[in-house]
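A.B. asks: Give me the fold of what follows.
(2 chains)
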There are 2 protein chains.
Amino acid sequence: MSSLDTAEPGSATTPPLTPEELGLATRNHGFLLEALRYSVTPVGLHYLLTHYDVPQVDMSTWALEIGGLVERPLRLTMDDLRSRPSVTRAVTMECAGNGRMNMSPRAISQPWGVEAVGNAEWTGVRLSSLLEEAGLRDEVVEVLFTGLDKGVENNVKQLYERSLTLDEAFREEVMLAYAVNGGPLPPQHGFPLRLLVPGWYGMTSVKWLASIEAIDTPYDGYQQSYAYRLRQEADEPGEALNRMRPRSLMIPPGVPDFMTRHRSVPPGPTTLEGRAWSGFAPIARVEVSTDGGETWADAELGPQPDRYAWVGWTAPWDAKPGEYELCVRATDADGNCQPLDAEADWNLGGYACNAVHRVTATVDPA
Amino acid sequence: MSSLDTAEPGSATTPPLTPEELGLATRNHGFLLEALRYSVTPVGLHYLLTHYDVPQVDMSTWALEIGGLVERPLRLTMDDLRSRPSVTRAVTMECAGNGRMNMSPRAISQPWGVEAVGNAEWTGVRLSSLLEEAGLRDEVVEVLFTGLDKGVENNVKQLYERSLTLDEAFREEVMLAYAVNGGPLPPQHGFPLRLLVPGWYGMTSVKWLASIEAIDTPYDGYQQSYAYRLRQEADEPGEALNRMRPRSLMIPPGVPDFMTRHRSVPPGPTTLEGRAWSGFAPIARVEVSTDGGETWADAELGPQPDRYAWVGWTAPWDAKPGEYELCVRATDADGNCQPLDAEADWNLGGYACNAVHRVTATVDPA
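C.D. replies: Numbers count the residues shown, from 1 in each chain, chains lettered A, B, ... in the order given. Down below sits the predicted model:
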């Protein structure tokens, strides 16, 4: 497969931006940073990445097929799924490519800044309960999830597919979600059913789920073995992405310039605020800098709504007239922290770049 | 005001794309063309352009103020508005900058391809009924709408504001909308209340409405007298934008390449389909070309759901293996049609570019 003109992991290059990147940026939706004010992201503000097209699903024929190496193959309609015990969890989801534009040279793919995130309340059925109902045979090592979305990547025509090991598939938080924020899934978030793997980057939470297959060898399809891997060179196998690295984002204070998004802030005492998350462990610390990362002060953490939901933070700031580079970084309970810049974590696909969030602001004269 | 580094109408230039354009493209949301299958665009798929930030609105204090040169100033809470007779209309809304990226040289602003559109069912109160209730004085010539969203454009700090002449303000279709697609407005579409001016480009449908003021001289603020005008040169006053020019869009057939969005289509008889609209007059004709615009065939029009909602169209296509440039164009009952390319309508701000929609596709061998 060529590493040019392709999406994942793509070629690393430098500006200028390409028309293809602009097309992807127009089509895929970034989160609006001011929406960090909502613990639960309203529908339409959650980030959205659609590899191919949002498929049309005919509910008169749709059913989830659970098959492969199982004792009792299942065919479940939406009524079947909704009649089972449900779980609801607030879950922060982030694209594995979030932060890609901060890497240099950068991979040519969806050109995310830091906005590929959202936190929604998902409702569905525990995956483990359905796998137990179907009964996995002893030789099963993974379960494969196939979506209804079809397309071409790197000259490979495919349905979107990802697998999970049994350890992951049986985690109690993993669900098949049919509702978000109290309503049915909208088409763009996977209607009628999607996988949801809390703590992981979004690529594994397969949308428009059609089937689950129990398999006896690790899945090696495109989205697992080629895309979504950390590599330094195109010819190495790389390391699979899974859990989200810690990140904190800030509500940009004051008001923006339409074009540059540079902020104008009135002088005086104010509160910086935002949210932080990590797929590895709970957030233990959030720090804020108002001098571009030279000095840091601890922010105050709010309550954790759910283990895999983001946590709010606040930090006082006595804004005096001048120019500022405001920064925020998070550290999780495992000691994972955000790097000051993207160099340390550079990789060919531009994945998992969690360098500190920086916002430039001018505090106006009194 | 400088015409460099600014949004509206901005300077005309050529590629490369700027980081500011990418930032805007990430933040503002394009419509997904496959969602043309839905007559009513689901929330989260409608285009979204936010000049500044989505403001936070405290409903314990929010009320709509109607004042200025009126006999009876009004202060209306959401309960007051919801207790009045309501109207619901399907309305197609398009950004005035839709198509900007097809112009060359292009204005530096939100870099829309053709995706800045959506068609929603809006519910609210007729504007005319509230203006009659307040009683406009004889000297009133316009009504001014002020939103809660604040920011800086071209060095001008401002609240987002637009005015309407009395002829427009009293059109029966014009409403103050508090609901969309049967639910409350989401924050990003103007919660709790927005102006909705069917037939016009979206810039006039002020979101996060705070006040309406009756005035005796035409409003000359930034968004009316400087932005959103058709100009050839920066120093001319230009012509104000208002009604949407005709446009038709096609559901891209087959399946996409992730990066390029180029389509792969299976061979055989298929149906091309999409939707068309015009703010000037009902759509009279939609034509499809499969040879890049050399020859055209009439599409069949579906029913018109509402005067200012888009109308569906279909056209048969016997797809034989080969390379295609599929095109579609609409003509309205006033005879307004779409140009083959963007040259004819070039303007400094990159507005109202309604050149025909083109989709490249490869029909695979049988």
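A.B. asks: C-alpha from now on. contacts and neighbour counts both.
C.D. replies: OK.
A.B. asks: Tell me the bridge partners for residue A:180.
C.D. replies: The bridge-partner assignment for residue A:180, based on DSSP bridges, gives residue A:122, residue A:183.
A.B. asks: Give the ranges of residues in chain A that sit below the confidence cut-off.
C.D. replies: Across chain A, the ranges flagged by pLDDT under 70 are A:1-15.
A.B. asks: can you map out the helices along it?
C.D. replies: Remark: helices assigned in chain A by DSSP state H are A:19-27, A:78-82, A:127-134, A:166-169.
A.B. asks: elements contacting the shortest one?
C.D. replies: Spelled out, that is helix A:166-169. strand A:142-153 (3 or more CA pairs under 8 Å, 6 or more residues apart in numbering or on different chains; DSSP states H and E).
A.B. asks: and the strand it packs on, what does it pack onto?
C.D. replies: On a contact count with 3+ CA pairs under 8 Å, 6+ apart, strand A:142-153 meets strand A:156-165, helix A:166-169, strand A:209-215, strand B:255-256.
A.B. asks: Output those in a markdown table; the columns should cover mean neighbour count and distance to residue B:275.
C.D. replies: Conversion of those to a markdown table gives the following (neighbours: other CA atoms under 10 Å in any protein chain shown; distance: least, CA to CA, whole Å):
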| stretch | mean neighbour count | distance to residue B:275 |
| --- | --- | --- |
| strand A:156-165 | 19 | 27 |
| helix A:166-169 | 15 | 42 |
| strand A:209-215 | 22 | 28 |
| strand B:255-256 | 22 | 19 |
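A.B. asks: Relative to residue B:61, which of these is closest?
C.D. replies: Of all the helices and strands packed on strand A:142-153, the one in closest proximity to residue B:61, counting by CA to CA, is strand A:209-215 (43.9 Å).
A.B. asks: quick revisit: most tightly packed of the helices of chain A?
C.D. replies: With neighbours defined as mean count of other CA atoms under 10 Å in any protein chain shown, those peak in mean count at helix A:19-27, which reaches a mean of 23.
A.B. asks: From the chain's centroid, how far away is that helix?
C.D. replies: Mean C-alpha position of helix A:19-27 versus that of the full chain (CA atoms, centre = their mean, to the nearest Å) differs by 19 Å.
A.B. asks: Contacts made by stretch A:123-140 with the rest, please.
C.D. replies: Defining contact as CA atoms under 8 Å, 6 or more residues apart in numbering or on different chains, one finds that stretch A:123-140 is touched by A:66-67, A:69-74, A:81-82, A:84-89, A:169-182, A:214-217.
A.B. asks: Swap in 6 Å and give it another go.
C.D. replies: In this structure, residues lying in contact with stretch A:123-140 by CA atoms under 6 Å, 6 or more residues apart in numbering or on different chains are A:69-73, A:86-88, A:170, A:174-179, A:215-216.
A.B. asks: Which ones among those also lie next to chain B?
C.D. replies: The residues of the contacts of stretch A:123-140 that also fall near chain B, by CA under 6 Å from any CA of the partner chain, amount to none at all.
A.B. asks: first vs last residue of stretch A:25-32, how far apart are they?
C.D. replies: Chord length of stretch A:25-32, first to last residue, is 14 Å (CA to CA, to the nearest Å).
A.B. asks: mind listing what's buried in stretch A:319-339?
C.D. replies: Using 16 or more other CA atoms under 10 Å in any protein chain shown as the burial criterion, the residues of stretch A:319-339 that qualify are A:319-320, A:324, A:326-332, A:336-339.
A.B. asks: residues from chain A in reach of chain B?
C.D. replies: A:7, A:16-17, A:20, A:25-27, A:29-30, A:44, A:51-52, A:151-153, A:255-260.
A.B. asks: Just the buried ones from these?
C.D. replies: The neighbour-count criterion (16+ other CA under 10 Å) marks A:7, A:17, A:20, A:25-27, A:29-30, A:44, A:51-52, A:151-153, A:255-260 among the residues of chain A next to chain B as buried.
A.B. asks: Just want the residue of the stretch 51-200 of chain A that's nearest chain B.
C.D. replies: When CA to the nearest CA is the measure, the stretch 51-200 of chain A has its nearest residue to chain B at residue A:152, with 4.4 Å between them.
A.B. asks: who's that residue bridged to?
C.D. replies: residue A:157, residue B:257.
A.B. asks: ok, which pair from the buried residues of stretch A:319-339 is furthest apart?
C.D. replies: The most widely separated members of those are A:320 and A:336, with 32.6 Å between them, by CA to CA.
A.B. asks: would you list every one of the strands in the stretch 151-300 of chain A?
C.D. replies: When secondary structure is read from DSSP state E, counting those that start in this stretch, the stretch 151-300 of chain A shows strands at A:156-165, A:175-180, A:183-184, A:194-196, A:209-215, A:229-230, A:239-240, A:247-250, A:255-256, A:263-265, A:268-277, A:283-289, A:297-298, A:300-301.
A.B. asks: So in that sheet, which strands flank the last one, and in what orientation?
C.D. replies: The reference is to strand A:300-301. strand A:311-319 (antiparallel).
A.B. asks: Could the C-alpha coordinates of the strand it pairs with be exported in CSV?
C.D. replies: The C-alpha atoms that make up strand A:311-319 are tabulated as CSV, following Å, rounded to 0.1, in the frame of the first residue of the first chain:
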residue,chain,number,x,y,z
VAL,A,311,-13.8,15.8,35.3
GLY,A,312,-14.3,19.6,35.6
TRP,A,313,-11.6,21.9,36.9
THR,A,314,-11.3,25.6,37.8
ALA,A,315,-8.5,27.9,38.5
PRO,A,316,-8.6,31.6,39.6
TRP,A,317,-6.8,34.1,37.3
ASP,A,318,-6.4,37.8,38.2
ALA,A,319,-6.2,39.0,34.6
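A.B. asks: what does that strand rub up against?
C.D. replies: The contact list for strand A:311-319 (CA under 6 Å, 6+ apart) reads A:267-276, A:299-302, A:304.
A.B. asks: Name the residues of it that come out as buried.
C.D. replies: Within strand A:311-319, the residues scored as buried using 16+ other CA under 10 Å are A:311-315, A:319.
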